[in-house]
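Q: This is a predicted model, with the sequence first.
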Protein chains: 6
Amino acid sequence: DFLHALEHDIKPAFGTAQEILNQFLTRGIINWGPPVANILEDGMLFIQQARATDTSGLVSVLIEGPPNAGKTALAAQLAKNSDFPFVKVCSPEEMVGFTETAKCLHIRKVFDDAYRSTLSCILVDNIERLLDYGPIGPRYSNLTLQALLVLLKKQPPPGKKLLVLCTTSRRQVLEDMEMLSAFTAILHVPNLSKADHLRNVLETTDVFSHQEIKAIEPHIHGKRIFIGIKKLLALIDMARQMDERQRVIKLISKLEEDGALEDPGMA
Amino acid sequence: DFLHALEHDIKPAFGTAQEILNQFLTRGIINWGPPVANILEDGMLFIQQARATDTSGLVSVLIEGPPNAGKTALAAQLAKNSDFPFVKVCSPEEMVGFTETAKCLHIRKVFDDAYRSTLSCILVDNIERLLDYGPIGPRYSNLTLQALLVLLKKQPPPGKKLLVLCTTSRRQVLEDMEMLSAFTAILHVPNLSKADHLRNVLETTDVFSHQEIKAIEPHIHGKRIFIGIKKLLALIDMARQMDERQRVIKLISKLEEDGALEDPGMA
Amino acid sequence: DFLHALEHDIKPAFGTAQEILNQFLTRGIINWGPPVANILEDGMLFIQQARATDTSGLVSVLIEGPPNAGKTALAAQLAKNSDFPFVKVCSPEEMVGFTETAKCLHIRKVFDDAYRSTLSCILVDNIERLLDYGPIGPRYSNLTLQALLVLLKKQPPPGKKLLVLCTTSRRQVLEDMEMLSAFTAILHVPNLSKADHLRNVLETTDVFSHQEIKAIEPHIHGKRIFIGIKKLLALIDMARQMDERQRVIKLISKLEEDGALEDPGMA
Amino acid sequence: DFLHALEHDIKPAFGTAQEILNQFLTRGIINWGPPVANILEDGMLFIQQARATDTSGLVSVLIEGPPNAGKTALAAQLAKNSDFPFVKVCSPEEMVGFTETAKCLHIRKVFDDAYRSTLSCILVDNIERLLDYGPIGPRYSNLTLQALLVLLKKQPPPGKKLLVLCTTSRRQVLEDMEMLSAFTAILHVPNLSKADHLRNVLETTDVFSHQEIKAIEPHIHGKRIFIGIKKLLALIDMARQMDERQRVIKLISKLEEDGALEDPGMA
Amino acid sequence: DFLHALEHDIKPAFGTAQEILNQFLTRGIINWGPPVANILEDGMLFIQQARATDTSGLVSVLIEGPPNAGKTALAAQLAKNSDFPFVKVCSPEEMVGFTETAKCLHIRKVFDDAYRSTLSCILVDNIERLLDYGPIGPRYSNLTLQALLVLLKKQPPPGKKLLVLCTTSRRQVLEDMEMLSAFTAILHVPNLSKADHLRNVLETTDVFSHQEIKAIEPHIHGKRIFIGIKKLLALIDMARQMDERQRVIKLISKLEEDGALEDPGMA
Amino acid sequence: DFLHALEHDIKPAFGTAQEILNQFLTRGIINWGPPVANILEDGMLFIQQARATDTSGLVSVLIEGPPNAGKTALAAQLAKNSDFPFVKVCSPEEMVGFTETAKCLHIRKVFDDAYRSTLSCILVDNIERLLDYGPIGPRYSNLTLQALLVLLKKQPPPGKKLLVLCTTSRRQVLEDMEMLSAFTAILHVPNLSKADHLRNVLETTDVFSHQEIKAIEPHIHGKRIFIGIKKLLALIDMARQMDERQRVIKLISKLEEDGALEDPGMA
Ligand SMILES: Nc1ncnc2c1ncn2[C@@H]1O[C@H](COP(=O)(O)OP(=O)(O)OP(=O)(O)O)[C@@H](O)[C@H]1O
Ligand SMILES: Nc1ncnc2c1ncn2[C@@H]1O[C@H](COP(=O)(O)OP(=O)(O)OP(=O)(O)O)[C@@H](O)[C@H]1O
Ligand SMILES: Nc1ncnc2c1ncn2[C@@H]1O[C@H](COP(=O)(O)OP(=O)(O)OP(=O)(O)O)[C@@H](O)[C@H]1O
Ligand SMILES: Nc1ncnc2c1ncn2[C@@H]1O[C@H](COP(=O)(O)OP(=O)(O)OP(=O)(O)O)[C@@H](O)[C@H]1O
Ligand SMILES: Nc1ncnc2c1ncn2[C@@H]1O[C@H](COP(=O)(O)OP(=O)(O)OP(=O)(O)O)[C@@H](O)[C@H]1O
Ligand SMILES: Nc1ncnc2c1ncn2[C@@H]1O[C@H](COP(=O)(O)OP(=O)(O)OP(=O)(O)O)[C@@H](O)[C@H]1O
Ligand SMILES: [Mg+2]
Ligand SMILES: [Mg+2]
Ligand SMILES: [Mg+2]
Ligand SMILES: [Mg+2]
Ligand SMILES: [Mg+2]
Ligand SMILES: [Mg+2]
């Protein structure tokens, strides 16, 4: 009856897969540099492989990178690109407060449902949270780990095709859990690291005028840049609350405060 | 039925959000020095950011500082200042004796309710207690940790805005749990640390006469001061029970006993 | 239904608060020396502070000292002295075999009941037992610890006053659990440590004749004395079973056996 | 209903307290040397103290010694000697397979029953087993430990008298659990350690002829003897199966095999 | 009712034993080198031994090797070769999210069913997953370990014959659990390690033309080769998505990326 | 109802005590050397002691030795030799997948049943498995350990006699658990260790001709032999599948492979 409750009470509140994908993509995908295009291209290749009729029927990809790098949004974009008739999202957000068992049963159900469709894509977001990873101890749900280790390698029934897209910001933890070998491939999502990347984002978002962007130029020239796209967009949000004269200064100072902008001489 | 019981049996006994905020603020906010004003100002900025329509919809702020520094009262003041139509308090006081699961479900419910309102503010008080942090072991509720890690990053549905205000006196513990990165911003609430701070409090409270306050002066001159506002108010309470001649001496001796007043030469 | 069972089955067997206080005080409070008077005086001050209308509404006092020092009896005496209309005792004796959850719910209920009365006093006896502290491990009930950490700091509702009196013989354990800072004040109950203290007790109890007490004198002169009042009364009980000639020798030898009477040169 | 089942299903199978005491004493108490008499004498003193009207109402005695030393039998003898109207036995033998909670509730019930009688004696056999002490880990039932720590110190209601007799062969474990201080007194049951002790037992049991006992003499003369009475009686049982000529040799060789008979030069 | 649910809800979804064996063998058994033939031969011997009427009735074989080596497929082939009337598969894939107890009961049921048939073969796939082995801790299901330790040694009833085929890629873990000694014999499945092995696979699969295979030759000549058959087939799958000119290069580069093709000088 | 289910569902499937004993003895007891006779003789002595009317009523014997040494078969033989009217087997094989509690209750029931019969014999097979001993951790069922520690020492009711025969291949583990002292006696079952032992087995089993046995002679002459009887019989089983010319070579090579036949110079 728990699974029954799941479907009737909680799912609707969480929305359909398409709504969830859209929410993961509220801010779209800004093409801030070559890594973005590369990931989308590689993703297309895996989609083709999953679709092909003479292959093994299962392709599982891990999308990993630092916090705020844009992993979830890119995974959502790939899921949309696949254009597979069955798309499901498996996210810790919909399982807050679930017991280990409830989590496992829910994950299992998502996969069981996928096995019934000819072409399926499952987005498993934030694996370290699904595993209830707590760094003090450390603690984790072994039940969920075992379930994922099996499901990520389990062939769909004859004739069915399945693409699994997972995200994590704790690659090392997954390696310690001997989980990496369960994936067909691993895609790395980097932080923005060049002045060009930053410039691209500032130009794409409609917040700063061309003049303002030029004013920013000298502050970032020759600096070491290291920031995730989600964090950068949040700082722009914050700066945009200030009146127009203070925006540029606010953005630069926030970037420095957060360690996103450093003198190259610094470690 | 547990959640049902929660709402019918226990909530009423705990009072409405406004009553709780008021109780957190029984003694008001005394403007004992610049830190108080700064926190209230920064708080207003976050309230604006949360309210703005072109931002991400979620602002989560951690208010941290030593025990008795006034964290809960300041968080309550910010919640009142927000003037958001939906305000809820999530406090360990109302969850005494709850199981891990009951705690998580209650927290989840508070957030679920908030997602239904356009402008919501949630005050999550005393995170280390919500996490059942016990220093021997150490022990903590991983279920609650996982729930908070997810909820503090979860976007409200499209069009909804959410401001989350959390308090803790164990910043280091939260850092060890890799929880700090889940917050949009962190505000520090310091102890009183200057003679001026002390003087401001003594003058604001109507307990001591101007003469008495002057008598106190030489005892605090040149001393290192370090005390939370809640503790200071409690010591004043105690002193006020004595007859008028002994009050000043009692207050000074209590301050020294508690290590709130020390010779600057001491470590 | 558990709480229901508690009140109908077990409470009556345990007796009313007044009966329990009386049983804690079967042997009364012997004024064996200055520490006894001091504790009773300080206690009165806290009672006044709790009662005062312009204070914070909550005073919590920890009464700590070695085993058998008389902590429970003194706490009971303070509870009686308060003369508050609502007095409740929270003792491990009534919770033998309770699960963690049952213990917590019972403790919570005692506090919840107190919040409904204008002037309440709660005696929480033997905190290390309430916490199920087991030195091998060590083990303890984190659920109960969290409950106490919250309840000892929780303000009663507006207009209500609450005095909490706790006892423990394991101050260090409470410190390790970061529990000490939750108390408004801490009172130390020492063992008897001077010949005078011993003499006072022997004279107050009607067991030994003046002659016998004099006979004891040379045996205790110049010795290091260290014994709790409860233990001392038990040794007197034992000695009193012997016929009159052997009593004095028995008492002295028992005191020495238990390490309560030592040559000052010994460590 | 568990307690109900306890009383209806299992108790009868275990027998009345008198039957149990008798079974603990199947082989009687052989007066093999001074320690036996001393323990019985001291025991009488504690019985008197427990019975006296002007004392604290609770006497708890720990009877400890090596395995097979005869602790349970001596405790049973003291319980019989007390001649108290209410005698109950609390033994791990009747609680095989019980959960922690069931064990605790059973122990609690025994004490609760005793509090209703004016003069009660409880025999708590083999405390380390009641505590489920497992040396690998180590493991133990903290629930039972806490229950015993409280019950061993809990005063019976006004006017009631209670004598608690406990046995253990793991004194050190109880010390590590800070349990020793809960007892009013501790009695040590030693192993047999002198040729005389052995001789007394051989003469009391009707197995060996005077001639045979004489034949044993040279084998034990000048040897270090160290054996518990229960073990010794078992070896005699074994020897008695052999035909008459081999008995003496068998007994001696078995004593040596078990390390009960050693050359004094050996460690 | 759980076991009931198992049989009615979940089994059908998983398919009959024959369907499962076939799915394990989707890609057939390519005879890439001598080890393949050897394992199949040894397997036949164990099948004969299990079938023989004058032997002990139980033969249990562990098939172990690196991940992707083809262990499961070879075990499935042996199960088919046995041609025993009763064949059952015990795989973690059908027990995702099961509790320890449910897993054990399911495994037990498979064996209980086998004991009723005269000639039975059980394939226990991926023992480390059945044991819920999690490397952080480490953690494992002791209940399942105990069940397997017993079942792998338990004789079927008189007249019944049982062949148990187990697979694992964590031989060391099983050794640490003292499980190896429970097997009658152990078969090792190696990775492909010679150019010839690779060539055999490329020729057997119909993907590359003879010309392409020749073009691959110089790239693998003199290199250290180390790859499991399953991984190799997956890389061929990937290469086959590219257009014809890029295939060879893609395959070689993928082999190098995965460390399957190394200069012999490298460690 | 669990115990009810036990008796109605599972027992019958497992067979009567006599059937189980017979199955443990399928291959009979081959008199391969003096240790076999000695164990059977000593066993008869314990049977007499258990039967005697003037003894303590309880004899418990531990039969320990390396894996495959024949412990279970010898214990079964002793149980049959006792010819006691009540014989019960307590084996992990019938308790696969049972919870700790179910195991304990089952063991307890076996003993409870025995106490009702005048002359009873209980065979407790493979104690380390009954204890759920897992070497990683290590882990074990403390509930079962406590039950066994009590039951192995518990006297049957007056007039009843009980012989308990236990087997283990992990003597050290039982010693670490302080379990050894609970036994009346310990019997050691060794591996075969001499050429003569081997020869006796080969001659007793009807597999090899006299000529073949002679052909084996030179291969074992002067070698160190070390193998359990169960393993040896299994190797003979395997060899017997080969055609007649290869048998001898197969047996010798298998003995060497398993380390059962070594040059005396080797460690
Ligand atoms: N090139 C881009 N790649 C990814 N996200 C982008 C890009 N451009 C804009 N975005 C926006 O940035 C945000 C990225 O947030 P996202 O949640 O995907 O980050 P994340 O790495 O998953 O964070 P976390 O570590 O918290 O899981 C999204 O709102 C997305 O719409
Ligand atoms: N400037 C101020 N800041 C905060 N609190 C103030 C201030 N002036 C007066 N107060 C009063 O001081 C008390 C502060 O107590 P509060 O519970 O907020 O402290 P806290 O830091 O949350 O303590 P704890 O560490 O126990 O959680 C409140 O009663 C509040 O009304
Ligand atoms: N001055 C005194 N202070 C405390 N108790 C006294 C005093 N004079 C006599 N008594 C009697 O001594 C006994 C003290 O026992 P009490 O249980 O209070 O000790 P305790 O320190 O709580 O012991 P424990 O460490 O076991 O909890 C009571 O019976 C009390 O009536
Ligand atoms: N002087 C004696 N003291 C104690 N027991 C005696 C004495 N003389 C004879 N016995 C008999 O010896 C046996 C002692 O066994 P008992 O069970 O009391 O030993 P124990 O020390 O409790 O053993 P364990 O360590 O196993 O608990 C009883 O059968 C008792 O009748
Ligand atoms: N000679 C072979 N041996 C084994 N498998 C082969 C062989 N030739 C082709 N195959 C195919 O290779 C695949 C081997 O995959 P399989 O699942 O058996 O590997 P595995 O070692 O069990 O992997 P894992 O470590 O993930 O359990 C199967 O699809 C099988 O049909
Ligand atoms: N002298 C003997 N002693 C014991 N068993 C013998 C002897 N001769 C033949 N056998 C046969 O050898 C087998 C011994 O197997 P058994 O299960 O008793 O060994 P075990 O030591 O209990 O093994 P394990 O360590 O797996 O529990 C039985 O089939 C038995 O019939
Ligand atoms: Mg993400
Ligand atoms: Mg606070
Ligand atoms: Mg006390
Ligand atoms: Mg005993
Ligand atoms: Mg496999
Ligand atoms: Mg065996």
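A: Received, thanks. Residues are numbered from 1 along each chain as shown, chains lettered A, B, ... in the order given. Ligands and ions are numbered 1, 2, ... in the order given.
Q: Quick one: residues in contact with the longest helix seen in chain A.
A: In chain A, assigned by DSSP state H, the helix with the most residues is helix A:34-51. The contact list for helix A:34-51 (CB atoms under 8 Å, 6 or more residues apart in numbering or on different chains) reads A:29-31, A:55, A:58-59, A:61, A:63, A:74, A:77-78, A:81-82, A:119, A:121, A:161-163, A:184-185, A:187, A:189-190, E:237-238, E:241. Quick note: C-beta positions are derived from backbone N, CA and C, even for glycine.
Q: and the very next helix or strand once past it with ligand 1, contact?
A: Moving toward the C-terminus from helix A:34-51, the next helix or strand (DSSP states H and E) is strand A:58-64. No: figure legend: strand A:58-64 not in contact with ligand 1 (CB under 6 Å from any ligand atom); closest approach 8.7 Å.
Q: And the average pLDDT for strand A:58-64 is what?
A: The average pLDDT within strand A:58-64 is 96.
Q: Could you figure out how far that strand is turned away from helix A:34-51?
A: Here strand A:58-64 runs at an angle of 160 degrees relative to helix A:34-51 (axes from the mean of the first three to the mean of the last three CA atoms, to 10 degrees).
Q: what does strand A:58-64 contact?
A: For strand A:58-64, contacts defined as CB under 8 Å, 6+ apart pick out A:39, A:43, A:46, A:49-50, A:71, A:74-75, A:78, A:152-156, A:161-169, A:171, A:174, A:180, A:182-189.
Q: again with stretch A:237-257
A: Stretch A:237-257 has contacts (CB under 8 Å, 6+ apart) with A:207-208, A:212, A:215-216, A:219-220, A:227, A:235-236, A:261-262, B:45, B:48-49, B:52, B:54-56.
Q: PyMOL command to pick out the buried ones of those residues?
A: A single PyMOL command selects the buried members of these (16 or more other CB atoms under 10 Å in any protein chain shown):
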select buried, (chain A and resi 207+208+212+216+219+220+227+235+236+261) or (chain B and resi 49+52+55+56)
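Q: A:Thr168 against A:Asn126, yeah?
A: Yes: counting by CB atoms under 8 Å, A:Asn126 is a contact partner of A:Thr168 at 6.8 Å.
Q: who has more neighbours, these two?
A: A:Thr168 (25 against 22; other CB atoms under 10 Å in any protein chain shown).
Q: Got the phi and psi for the more buried one?
A: Dihedral angles of A:Thr168 (phi, psi; degrees, to the nearest 10) stand at phi -160, psi 150.
Q: residue boundaries of the strands in the stretch 151-267 of chain A?
A: Assigned by DSSP state E, counting those that start in this stretch, the stretch 151-267 of chain A shows strands spanning A:161-168, A:185-188, A:224-225, A:261-262.
Q: now the second one, how far from the chain's geometric center?
A: How far strand A:185-188 lies from its chain's middle: 12 Å, per CA atoms, centre = their mean, to the nearest Å.
Q: neighbours of A:Pro85, just the number please.
A: So A:Pro85, with other CB under 10 Å, has 10 neighbours.
Q: Neighbours of the residue of the stretch 51-200 of chain A found nearest chain E, how many?
A: Nearest residue of the stretch 51-200 of chain A to chain E (CB to the nearest CB) works out as A:Cys104 at 3.6 Å. Applying other CB under 10 Å, we find 24 residues neighbouring A:Cys104.
Q: The one 5 residues further on now?
A: For A:Lys109, the number of neighbouring residues by other CB under 10 Å comes to 16.
Q: and A:Ala5, what pLDDT?
A: 46.
Q: Show me the helices in chain A, by range?
A: Under DSSP H, chain A gives helices at A:2-5, A:11-14, A:17-24, A:34-51, A:71-82, A:100-115, A:127-130, A:142-151, A:171-176, A:195-204, A:210-220, A:229-241, A:247-257.
Q: can you tell me which of these comes nearest to E:Thr16?
A: Each of the helices of chain A was scored for nearness to E:Thr16 using CB to CB, and the closest is helix A:100-115 (16.4 Å).
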